[in-house]
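Visitor: what follows is a predicted protein model with its sequence.
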Amino acid sequence: MKDVLKMDLDKKEKQLDREFQKKIVERKKKFLEELKTENEVFDQRTLLNIYNLLVAKHIDEISGVVNSGKEAVVFSANKEDELYALKVYRVSTCDFKTMWKYIRGDPRFHLRRSSTRQIITAWVEKEFRNLLRAGDYINTPEPLLKRENILLMDMVHEDGVPAPRLKDIEVDYSEFYEMIKEDMKVLYQDAQLVHGDLSEYNILVHEEEPVYIDFSQGVVKEHPLSKTLLIRDVKNVCNFFKRKGIDTDYKEFYKFVSGEELALIDEEMAKTY
């Protein structure tokens with residue numbers, strides 16, 4: 001009799017578990033359908049990759065959009081009490097010619113130009129590697145995993161609210177200027193890396209310190225475009241702080257970061273890039 005009761009209980013538990021799992025799958029499918037409706041540029045393969053992250057329990061839920069641009073959307077995602085940033089590149093609107101220029105000269109990659117899917121997968125891989133490398137020296141979000149055109153990383157936040165960009169918040173500009181200047185030097189001389197697209201738009205402010213994001217265009221020091229991109233980064237940073245009343249000179253800034261005088265030919269090449 002006890003064996004029969006136990007079998008009945010096991011059967012009921014399995015049935016309840018199946019029903020529970022079915023509800024979870026249906027809820028996530030519904031969410032993805034809503035995501036597809038709101039962001040028609042996401043193809044079926046991208047939606048499937050997002051769905052797989054949910055099913056594999058890398059994340060429990062995607063709760064909203066943190067930032068939306070032409071080439072990528074950053075979602076807020078969570079797993080239990082942890083908050084993550086889910087960056088999804090829009091395959092249909094990415095500038096693959098520009099991406100290829102940054103990938104082609106990178107000695108870490110040996111990709112023959114092929115499909116757009118392969119290029120964007122390499123692009124996300126590059127951002128993942130750059131974040132890992134930079135994160136050993138300066139403040140960056142920690143990258144957690146990548147899936148083709150998707151990158152999952154820690155969210156920089158305060159009590160669930162994403163950290164503001166430098167352009168959107170008042171800070172001690174003199175202090176931040178010095179911190180960013182030092183960070184760029186460490187990034188270039190120690191990490192052997194150039195951000196490649198640095199500006200007040202991709203520097204976050206968290207706990208009164210700069211945190212650097214959007215490393216997809218980052219290149220290693222031996223990349224043929226590294227000096228050109230460093231000059232552009234330096235000028236972007238100097239221009240921002242000049243507008244905030246900070247006395248700065250981009251040639252002195254460049255020398256501090258690189259340890260070299262700014263060569264006229266490099267500056268001229270940077271103007272045409």
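Guide: Perfect, I can see it now.

Visitor: partners of residue 64 in the sheet?
Guide: residue 76 (DSSP bridges).

Visitor: from residue 119, how far out is the nearest residue to residue 134 once chain neighbours are set aside?
Guide: Closest residue to residue 134 apart from its sequence neighbours, by Cβ to Cβ, 6 or more residues apart in numbering: residue 140 at 5.0 Å. (C-beta placed from N, C-alpha, C; glycine too.) Applying Cβ to Cβ, to the nearest Å, the value for residue 140 to residue 119 is 24 Å.

Visitor: so residue 237 makes contact with residue 201?
Guide: No. Between residue 237 and residue 201 there is no contact under Cβ atoms under 8 Å: 11.5 Å.

Visitor: which one of those two has more residues nearby?
Guide: Neighbours of residue 237 and residue 201, each counted by other Cβ atoms under 10 Å, are more numerous for residue 237; the result is 24 against 17.

Visitor: quick one: what helix or strand has that one in it?
Guide: helix 226-243 (DSSP states H and E).

Visitor: CA atoms only: put that helix into PDB for me.
Guide: Extracted in PDB, the C-alpha atoms of helix 226-243 (Å, rounded to 0.1, in the frame of the first residue of the first chain):
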ATOM      1  CA  SER A 226      46.400  52.200 -32.700                       C
ATOM      2  CA  LYS A 227      48.100  55.600 -32.900                       C
ATOM      3  CA  THR A 228      45.400  57.100 -35.000                       C
ATOM      4  CA  LEU A 229      42.700  55.900 -32.600                       C
ATOM      5  CA  LEU A 230      44.700  57.000 -29.600                       C
ATOM      6  CA  ILE A 231      45.000  60.500 -31.000                       C
ATOM      7  CA  ARG A 232      41.200  60.600 -31.600                       C
ATOM      8  CA  ASP A 233      40.600  59.400 -28.100                       C
ATOM      9  CA  VAL A 234      42.900  62.000 -26.600                       C
ATOM     10  CA  LYS A 235      41.300  64.800 -28.600                       C
ATOM     11  CA  ASN A 236      37.700  63.700 -27.700                       C
ATOM     12  CA  VAL A 237      38.600  63.700 -24.000                       C
ATOM     13  CA  CYS A 238      40.400  67.000 -24.200                       C
ATOM     14  CA  ASN A 239      37.600  68.700 -26.100                       C
ATOM     15  CA  PHE A 240      35.000  67.500 -23.400                       C
ATOM     16  CA  PHE A 241      37.100  68.800 -20.500                       C
ATOM     17  CA  LYS A 242      37.900  72.100 -22.300                       C
ATOM     18  CA  ARG A 243      34.100  72.700 -22.500                       C
END
